[in-house]
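1. Just to be clear, the model below is a prediction. Sequence and coordinates:
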Amino acid sequence: MQSYDEVINYLYDHLPYYQRSGQAAYKDNLDNTLALDLMFDHPHKNFKSVHVAGTNGKGSVSHILASILMEAGYKTGLYTSPHLKDFRERIRINGEMIEKEFVVDFVNQFMSRNPVYGLEPSFFELTVMMAFDYFSTNRVDIAIIEVGLGGRLDSTNIIKPELSVITNISLDHTKLLGDTLGKIALEKAGIIKRHIPVVIGETHPQTSQIFNGMAKELSAPLVFADQNYKVGLGLASIDGNQIFTVRRGGEVVYPNLKLDLLGNYQSKNCCTVLETVEHLRGLGWQISEDALRAGFARTCANTGLMGRWQVIGANPRIICDTGHNEGGMREVVNQLVQVPFKKLHFVIGMVNDKDIAGVLNLLPREATYYFTRAAIPRALDEKLLMKMGGYFKLHGESYSSVEGALAAARLNAGADDLIFVGGSTFVVAEALP
């Protein structure tokens, strides 16, 4: 294949793709990943890494960490998923997306070598190996590697990181990871490695015992970030960023810590990041306070992160957020009540393998709803979503496209109203300009 477009079509159309197809694309073993790693001569062994798992917040934590390490002067790789607008968002070095030429060359190498191996990898498996090969080829100092789904059986879980990070646990992907917090925690805890320190973002009675048990079994030093750092509610700066006051042991250690990501839930992610940085310093990574502060303040600018309480319109204000499970939507709803508006217009679409009822039960009943679907096979039919919304006294109309739903919301909303767009990463992706 010669062109980038041909390669991207091959990746989407010929490989099982979880974001589109769901459970059918999920592989419950690392066989393909290990074979691909052999095919490309074990690229994951050629760079240092931090491994980040968790139900919510792992994307934000990964981007903030990458930004801080960039500001500290390290050549920093970043692997995240899914992407919003461009496949190349998944794989970055110092904030710059992977070159199209590398994507083409890698896939061609795979296709020329694969007849010997006879592999049928998923989209995610091949993409992870592409990232590892890219970071190896470009000799990054360190890479932040975000887990795709779960942890124990995730394709990223062949690395031996400097540090393992698990942000939090809530119910998501229950058909694959388990239907209780304990079962999900056990899957996420699968990234904990022998003697490798692990940072847990949030303490929870149903999961802490599992993390402690796994860490003890593997002699992995473990710490809960929220037991050390306390971050107050963010204040808005003149330029629209958040400013946090951070305490450790009752003492203010980071006054006026600025973050260019919005969303009150970022205060929890701050704790996780700060604890992780503290551990990295202990391992010999040189990260000054200036670099840390600059990394927080320039996360979006440095890494291109989108979709986290992102303002995409004014008069009426339009906000989108990728929170898409019960834990994520609870944070969204808690923040919505703090935003001044005359009337709330809620553009929502979901994928069919989520806890739909659990999310809908959280949503404000006084809003006007625009039920829609993203243009992917996994999307829940908008008319069915509207019907389910009716059970929870959520009223509105259905629209066959995100574009149509957002246009209707704009038409109906006054200048002092608020339009929120969410429920699915893919709905947000289609709403972003």
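-> Yep, that arrived. Numbers count the residues shown, from 1 in each chain.

2. what about Gln286, how many residues close to it?
-> Neighbour count of Gln286, defined by other C-beta atoms under 10 Å: 10. Heads up, the C-betas are built off the backbone N, CA and C, glycines and all.

3. Number the chain from 14, please
-> Yes, from this point I'll number from 14; that puts the last item at Gln299.

4. give me every residue that touches it.
-> Ala85, Gly86 (C-beta atoms under 8 Å, 6 or more residues apart in numbering).

5. quick one: it from Glu291, how far?
-> 13 Å (C-beta to C-beta, to the nearest Å).

6. in a strand, that's where Thr289 is, yeah?
-> No. Using DSSP: H, G, I helix; E, B strand; the rest coil, the assignment for Thr289 is helix, not a strand.

7. Can you classify the residue nearest to it when sequence neighbours are not counted as helix, strand or coil?
-> Leaving aside its sequence neighbours, Thr289 sits nearest to Val212 (C-beta to C-beta, 6 or more residues apart in numbering; 5.1 Å). Look at Val212: counting by three-state DSSP, its state is strand.

8. ok now do Val212, which residues does it touch?
-> Each residue near Val212 by C-beta under 8 Å, 6+ apart is listed here: Leu176, Ser177, Val178, Ile179, Leu235, Val236, Ala238, Thr285, Glu288, Thr289, His292.

9. This protein - how does it break down into domains?
-> 17-316, 323-444 (automatic domain parsing).

10. tell me which element the closest residue to Ser183 other than its chain neighbours is part of?
-> With sequence-adjacent residues excluded and distances taken as C-beta to C-beta, 6+ apart, Ser183 is closest to Gly340, at 3.1 Å. In this assignment (DSSP states H and E), Gly340 forms part of helix 339-349.

11. Show me how far that helix is from its chain's centre.
-> A distance of 16 Å separates the centroid of the chain from that of helix 339-349, by C-alpha atoms, centre = their mean, to the nearest Å.

12. Just the angle for the helix or strand just after it relative to helix 339-349, thanks.
-> Downstream of helix 339-349, the first helix or strand assigned by DSSP H and E is strand 357-361. In terms of direction (axes from the mean of the first three to the mean of the last three C-alpha atoms, to 10 degrees), strand 357-361 departs from helix 339-349 by 160 degrees.

13. mind showing which ranges of this protein have poor pLDDT?
-> Counting by pLDDT under 70, the chain has low-confidence residues at 14, 29-41, 184-192, 251.

14. residue with max distance from the center of it?
-> Note on the chain: the largest C-alpha distance from the chain mean falls to Val129, namely 34.9 Å (C-alpha atoms, centre = their mean).

15. mind checking the SS state of that one?
-> helix.

16. and what of Lys196?
-> At Lys196 the chain is in helix, as set by three-state DSSP.

17. which ones are touching the residue sitting nearest the centre point of the chain?
-> The centroid of the chain falls nearest to Gly72 when counting by C-alpha atoms, centre = their mean (3.0 Å). Residues in contact with Gly72 (C-beta under 8 Å, 6+ apart) are Thr93, Glu159, Leu318, Arg321, Thr335.

18. ok, how many other residues are close to Ser221?
-> Counted with other C-beta under 10 Å, Ser221 comes out at 17.

19. Same question for Asn277.
-> Number of residues near Asn277 (other C-beta under 10 Å) recorded here: 15.

20. Tell me how far it lies from Leu248.
-> Separation of Asn277 from Leu248 (C-beta to C-beta) stands at 11 Å.

21. got the contact list for Ala418?
-> Val360, Gly362, Tyr383, Phe384, Thr385, Tyr412.

22. Assign a three-state SS to the spatially closest residue to the third one that is not a sequence neighbour, would you?
-> Sequence neighbours aside, Ala418 is the residue nearest to Tyr383 in space, at 4.0 Å (criterion: C-beta to C-beta, 6+ apart). Put simply, Ala418 is helix when judged by three-state DSSP.

23. Ile332 too?
-> Ile332 - assigned by three-state DSSP - is strand.

24. What's the local residue count around the closest residue to Thr312 other than its chain neighbours?
-> Residue nearest to Thr312 in three dimensions, not counting chain neighbours: Ser80, with 4.4 Å by C-beta to C-beta, 6+ apart. Other residues near Ser80 come to 32 when the count uses other C-beta under 10 Å.

25. Okay, Ser80 and Ala307: tell me how far apart.
-> 8 Å.

26. Please enumerate the helices of the stretch 214-363 of the chain.
-> When assigned using DSSP state H, counting those that start in this stretch, the helices of the stretch 214-363 of the chain occupy the ranges 221-230, 238-241, 279-295, 302-310, 312-316, 339-349.

27. for the third one, packing partners?
-> Meaning helix 279-295. Judged by 3 or more C-beta pairs under 8 Å, 6 or more residues apart in numbering; DSSP states H and E, the packing partners of helix 279-295 are helix 71-84, strand 176-179, strand 211-213, helix 238-241, strand 242-244, strand 255-261, strand 264-272, helix 302-310.

28. Which neighbouring elements make contact with the helix or strand following the longest one?
-> Sequence-wise, the next helix or strand downstream of helix 71-84 (DSSP H and E) is strand 89-92. In this structure, strand 89-92 makes packing contacts with helix 71-84, strand 104-106, helix 136-150, strand 155-159, judged by 3+ C-beta pairs under 8 Å, 6+ apart.
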